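Engineer: Please find the sequence and the predicted model below.
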Number of protein chains: 2
Amino acid sequence: MPQTLPPNLSAAQFDRALAGWRAIVGDAHVLSSDAGLAVYIDPFAPGEPHAFAASAAVLPASVDEIRAVLRIANQYRIPLWTVSTGRNFAYGGAAPRLTGSVVLDLQRMNRILEVNETLAYALVEPGVSYFDLYAHLRDKGYKLWVDPPAAGWGSVVGNTLERGFGYTDYGDHAAAQCGMEVMLANGDLLRTGMGGVEIGTAWQLYQPGYGPSFDAMFMQSNYGIVTKLGVWLMPAPPAYLLGEIQFRREADLEAIVEILRPLRLDATIRNHAVIEGGLRRAAGLSPRRQWYDGTGAMPESAVQAMLDKLGVGRWNLHFALYGTPELIDARYALIERAFARVPDARLTAARHAGDAQPTGGGDRNMAGIPAMTAFRMLDWRGGAGAHVDFAPICPATGRDAMRQYTMVKARAAEYGFDYYGGFTAGARHLHHIFAAIFDRDDANQVEQAGALLRSLMSDARAAGYGEYRAHLAYMDFAAAQYSFNDGASLRFAETLKDALDPNGILAPGKQGIWPAAWRDRRGYT
Amino acid sequence: MPQTLPPNLSAAQFDRALAGWRAIVGDAHVLSSDAGLAVYIDPFAPGEPHAFAASAAVLPASVDEIRAVLRIANQYRIPLWTVSTGRNFAYGGAAPRLTGSVVLDLQRMNRILEVNETLAYALVEPGVSYFDLYAHLRDKGYKLWVDPPAAGWGSVVGNTLERGFGYTDYGDHAAAQCGMEVMLANGDLLRTGMGGVEIGTAWQLYQPGYGPSFDAMFMQSNYGIVTKLGVWLMPAPPAYLLGEIQFRREADLEAIVEILRPLRLDATIRNHAVIEGGLRRAAGLSPRRQWYDGTGAMPESAVQAMLDKLGVGRWNLHFALYGTPELIDARYALIERAFARVPDARLTAARHAGDAQPTGGGDRNMAGIPAMTAFRMLDWRGGAGAHVDFAPICPATGRDAMRQYTMVKARAAEYGFDYYGGFTAGARHLHHIFAAIFDRDDANQVEQAGALLRSLMSDARAAGYGEYRAHLAYMDFAAAQYSFNDGASLRFAETLKDALDPNGILAPGKQGIWPAAWRDRRGYT
């Protein structure tokens, strides 16, 4: 296919920019061939993968190199799409929102700059993965845990900035972030919070600092390039318990949410407990074809037969308790008593010493051990497995959870998709995550997945539910749902964008925020 | 004294602006006489109180009135200093940073807009005090607690925006904030986070929303006027325990901090435990003259005699445990065991049913009941009691706590002040709060208090400690401590300020952030 160029740029101009970047980061670290750019193609595109094609990728090794790269981008007004490692495949991987953007790939900046065992934190660069940090802690013998997200190869910085979550008490990654270093579009270097105190030692200890706090505005945004990030780590507990409760009926979801909420609110359960749909649980154990090989969504009877055979609940609540055995037992007793109200609820628990490892893959995440078992889901439908996620925030009430579940399940079936999903429980909200799994070599499935996502987002809009995150193709659509006062939120976001990045070089279109220079590119794909 | 005018404005122009405002909010709600403005004078000024004089005060009753007030302020370029109720006397009360600013006093906007018992939150306007919210919850029978700061008359919105803290598990007020409505300088109205979804119900449930999160940038800042704020409330616990541990030796501080940190990190203690200096504890029980009537700081021998007589520790750790009696007992046992390492530590605990009230004033805060007992401190030195606070962030290590304590105590003594202070414990940091108590009718004491504060801030700067907050007189000084990369933090803050408030009408100088129009006013008083 023909070379993709940055928008509004001639091939000759682009060649000069590339030459400039090569002089900064070295020839090997500027990629512009089709082969070199293959890893920057949207891996699970719910549509044409080249709709979000990069024109090149630049891989700097330091803050100074980033500054020099920015200078050239400003000069030629070339949009840069920053990724830490670009491994969140369901949201676009390392592909940019605006076709022709140059990916600024920070994977070479992969130093673990500091680990403080006493105060339980780490300071890392964007290229550090959860696997890397976990291995480092284990190798050095630090008594600290990481909180891995579903896929352990993800970047700590990237996952945190996108507000990913994990499974231990530190599951809210954005909440466990403390202190950033950020390079702005003009090359200025900012340290947030207490990082402003040059000889200070509290950068990773107290989040806000003095005056307004800016960290949260660099999350899911395009206001700067985060070059260092502090993350709080959980002190290794003396013991832990991994619990599962299986529920038999679809309608039990309402009771589960109503019982779980007070236990989350009073911190009896402190981790991000997961209410996993039966089909998602079953998919970790076997492929779909074993149970059903017809077209369209799996019929109820087949789902029920599968769940019965596999000994999996219609809903499966996973939770974890960390601490001394005495405290774990006392909390467990409260949980047991609370869920006994639900007929046929079946509770099992495995107790472990703090330094012991569980055997199950999903369980490993709750024990602070990164894994890649989440990728098993890709085998569910067979073929070249891919998925795209619908992720609305759900109030933590049984009524809302049932409403969202019913709505999503019905719509998914209409497009031929199974309800593959679950709810991750904050205290007052749930992250409802539904994955449309498809074979990316099957053009019809790809098209249906895309169409389903658009329908789900319209449903959510009509029902007053907003998404917490969206794939490249739906970023503008999701942003448009936040329409209070004629879109005041986006208007505010873009006022800041224009002040901080007048040439519009940093990640145009990220989460629906377009700089003045590219505002005409806003659109629903 | 002569009428104070807004800077760069003639009396005639000012009269026209006042007339405009009177037409909007009514004559009774525009104050410009000396008598009317008396409550806007810095009540505990560590220097000349009129150094921060307002030219008028305007008290709007609604968001629409605020918008109209802003239009006139923009027209005449009159700086407005917003206060919710302006009751934090130690940091300047309701007085503005820039002399001649008009106070925009939001106390009339005092509606409790919503309380949701199931999801445990409230949505309030700026004029709602902790007393108001507490009374409302009690009157309606909601099983929810407020987390009061030291003085219960403070505004929930004001205290939260200034990052105040309280004493229960919800003691980090900024962390328990969820959702804001903000009016910008141009009259545009923004709802943060999930508030952007017009028919949504998750505004007070999930903090970040979609895309960058802006709430934290409206704290301790001058980017907008917060008109509504969501606050998470603690579900009333079935029982609670209030604990005190007395320690005999000054040097015990190091062990206290080292033992407390792991208990805070693993959530055995979840409230903002307070390590209170003996003198501060004693001051709640008796005035200074009972023990010493010489000049200068109280000698060690007198302090020791006082502590012995009153049965107060040199350090006194206050903590609270909330939950079921079984969990409270299990956690208490861990605390008891941990502190048994410190020789002569004396632990006492009072257990209460969740709906029972403790008798002590300070204790009432830990039981979610607002009080005004903090004002007893003003009687310590006699006369017209006032205080100004030095509030550095301290890493949660015994070494840092001892270093800050020793530094502050020595410097205070040099200026004739007692060490009246303590540490409030986050998990990885401590808020070290030292109060210089003085008689505001004694010109020498006032002057010494001001001089002491300046010395302490220089000491902190040299040692690498930054403050989390500062009185009007020291806002610029505190901001200057955040000097990384030639003040990148302030440079960034002011870039945003100019983009959002081009006429510089909102709170110029707040936390050291000056709009372009008034940037020449920056200075250390």
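Structural biologist: Great, that's in hand. Numbering: from 1, shown residues only, chains lettered A, B, ... in the order given.

Engineer: which residue is nearest the centroid of chain A?
Structural biologist: A:G164 (3.8 Å; C-alpha atoms, centre = their mean).

Engineer: what's the closest non-adjacent residue to that one?
Structural biologist: Nearest non-adjacent residue to A:G164, counting by C-beta to C-beta, 6 or more residues apart in numbering or on different chains: A:P149, 4.6 Å away. Placement of C-beta: from N, CA and C, glycine included.

Engineer: Now do the one you found against chain B, distance only.
Structural biologist: Separation of A:P149 from chain B (C-beta to the nearest C-beta, to the nearest Å) stands at 16 Å.

Engineer: Quick one: list the elements packing against the longest strand along chain A.
Structural biologist: Ranked by residue count under DSSP state E, the longest strand found in chain A is strand A:429-439. Using 3 or more C-beta pairs under 8 Å, 6 or more residues apart in numbering or on different chains; DSSP states H and E as the contact test, the elements touching strand A:429-439 are strand A:385-390, strand A:393-395, helix A:398-414, strand A:421-425, helix A:443-463.

Engineer: for the stretch 351-500 of chain A, which spans come out with low pLDDT?
Structural biologist: Scanning the stretch 351-500 of chain A for pLDDT under 70 picks out A:360-362.

Engineer: picking that back up, and the residue nearest to the centre of chain A, how close does it get to A:A135?
Structural biologist: Distance of A:G164 to A:A135, computed by C-beta to C-beta, to the nearest Å: 20 Å.

Engineer: How about A:L347?
Structural biologist: From A:L347 to A:A135 the distance is 34 Å (C-beta to C-beta).

Engineer: Next: A:A12.
Structural biologist: For A:A12 relative to A:A135 (C-beta to C-beta), the value is 46 Å.

Engineer: These two: which has the busier surroundings?
Structural biologist: Comparing A:A12 with A:A135 by other C-beta atoms under 10 Å in any protein chain shown, the one with more neighbours is A:A135, at 14 against 7.

Engineer: mind checking the SS state of the more buried one?
Structural biologist: Secondary structure for A:A135, judged by DSSP: H, G, I helix; E, B strand; the rest coil, is helix.

Engineer: cool, and the one 4 residues further on?
Structural biologist: Assigned with three-state DSSP, A:D139 falls in the helix class.

Engineer: ok, the residue of the stretch 401-525 of chain A found nearest chain B - how many residues close by?
Structural biologist: Going by C-beta to the nearest C-beta, chain B is nearest to A:Y482 of the stretch 401-525 of chain A, at 2.9 Å. Neighbourhood size, A:Y482 [other C-beta under 10 Å]: 26.

Engineer: Ok, A:G141 next?
Structural biologist: Per other C-beta under 10 Å, the neighbour tally for A:G141 reads 8.

Engineer: One more: A:N186?
Structural biologist: 16.

Engineer: Contact residues of the stretch 51-200 of chain A facing chain B?
Structural biologist: A:118-121, A:163, A:169, A:174, A:178, A:184, A:188-192, A:194-200 (C-beta under 8 Å from any C-beta of the partner chain).

Engineer: Mind doing that once more with 6 Å?
Structural biologist: A:119-120, A:163, A:188-191, A:194, A:196-200 (C-beta under 6 Å from any C-beta of the partner chain).

Engineer: residues contacting A:Q13?
Structural biologist: A:Q13 makes contacts with A:Y76, as judged by C-beta atoms under 6 Å, 6 or more residues apart in numbering or on different chains.

Engineer: For B:S10, see how far away it is.
Structural biologist: 55 Å.

Engineer: Then A:L506?
Structural biologist: Taken as C-beta to C-beta, the span from A:L506 to B:S10 is 45 Å.

Engineer: do A:D27 as well
Structural biologist: 66 Å.

Engineer: Tell me where the stretch 201-350 of chain A has helices.
Structural biologist: A:252-265, A:278-283, A:300-310, A:325-339 (DSSP state H, counting those that start in this stretch).

Engineer: can you pull the contacts of the closest residue to A:D476 other than its chain neighbours?
Structural biologist: The spatially closest residue to A:D476, leaving aside those adjacent along the chain, is A:G512, at 4.8 Å (C-beta to C-beta, 6+ apart). By C-beta under 6 Å, 6+ apart, A:G512 lies in contact with A:M475, A:D476, A:A479.

Engineer: try 7 Å this time
Structural biologist: If a contact means C-beta atoms under 7 Å, 6 or more residues apart in numbering or on different chains, then A:G512 has A:M475, A:D476, A:A478, A:A479, A:L490, B:G211 as its contacts.

Engineer: which residues of chain A score low on pLDDT?
Structural biologist: In chain A, residues with pLDDT under 70: A:1-2, A:360-362, A:524-525.

Engineer: Next, give me the two most distant ones among the residues of the stretch 51-200 of chain A next to chain B.
Structural biologist: Greatest spacing in these, by C-beta to C-beta: A:R163 and A:I199 (31.8 Å).

Engineer: more neighbours, these two?
Structural biologist: More crowded of A:R163 and A:I199, by other C-beta under 10 Å: A:R163, with 22 against 11.

Engineer: I figured the more buried one was touching A:M219, is that so?
Structural biologist: Yes - between A:R163 and A:M219 there is a contact at 5.9 Å, judged by C-beta atoms under 7 Å.

Engineer: which element is the residue located most distally from the centre of chain A on?
Structural biologist: For chain A, the residue at maximal distance from the C-alpha centroid (C-alpha atoms, centre = their mean) is A:A12, at 37.6 Å. Under DSSP states H and E, the secondary-structure element containing A:A12 is helix A:11-25.

Engineer: Neighbouring strands of the helix or strand that that helix is followed by in the sheet, and parallel or not?
Structural biologist: With elements assigned by DSSP H and E, the helix or strand that comes after helix A:11-25 is strand A:30-31. Its sheet considered, strand A:30-31 pairs with strand A:56-58 (antiparallel) by DSSP bridges.

Engineer: pull the CA atoms of whichever helix or strand comes after the strand it pairs with into CSV?
Structural biologist: Downstream of strand A:56-58, the first helix or strand assigned by DSSP H and E is helix A:63-76. What follows is helix A:63-76, C-alpha atoms only, in CSV (Å, rounded to 0.1, in the frame of the first residue of the first chain):
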residue,chain,number,x,y,z
VAL,A,63,13.9,13.1,28.2
ASP,A,64,16.4,15.2,26.2
GLU,A,65,15.8,13.2,23.1
ILE,A,66,12.0,13.7,23.5
ARG,A,67,12.6,17.4,23.8
ALA,A,68,14.6,17.4,20.5
VAL,A,69,12.0,15.2,18.8
LEU,A,70,9.3,17.7,19.9
ARG,A,71,11.2,20.6,18.4
ILE,A,72,11.0,19.0,14.9
ALA,A,73,7.4,18.0,15.4
ASN,A,74,6.6,21.6,16.3
GLN,A,75,8.5,22.9,13.3
TYR,A,76,6.7,20.7,10.8
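
Engineer: A:D520 should be in a strand, yeah?
Structural biologist: No - if the criterion is three-state DSSP, then A:D520 is helix and not within a strand.

Engineer: Nearest spatial neighbour of A:T160, chain-adjacent residues omitted?
Structural biologist: A:H173 (4.5 Å).

Engineer: swap that for A:Y206, sorry
Structural biologist: Of all residues not flanking A:Y206 in the chain, B:H429 sits nearest, at 4.1 Å (C-beta to C-beta, 6+ apart).

Engineer: Identify the residues contacting that neighbour.
Structural biologist: B:H429 neighbours (C-beta under 7 Å, 6+ apart): A:A202, A:L205, A:Y206, B:I393, B:C394, B:P395, B:A396.

Engineer: Please list all residues in contact with the fourth one.
Structural biologist: For B:I393, the contacting residues are A:M194, A:A202, A:Y206, B:H429, B:H431, B:Y465, B:G466, B:Y468, by C-beta under 7 Å, 6+ apart.
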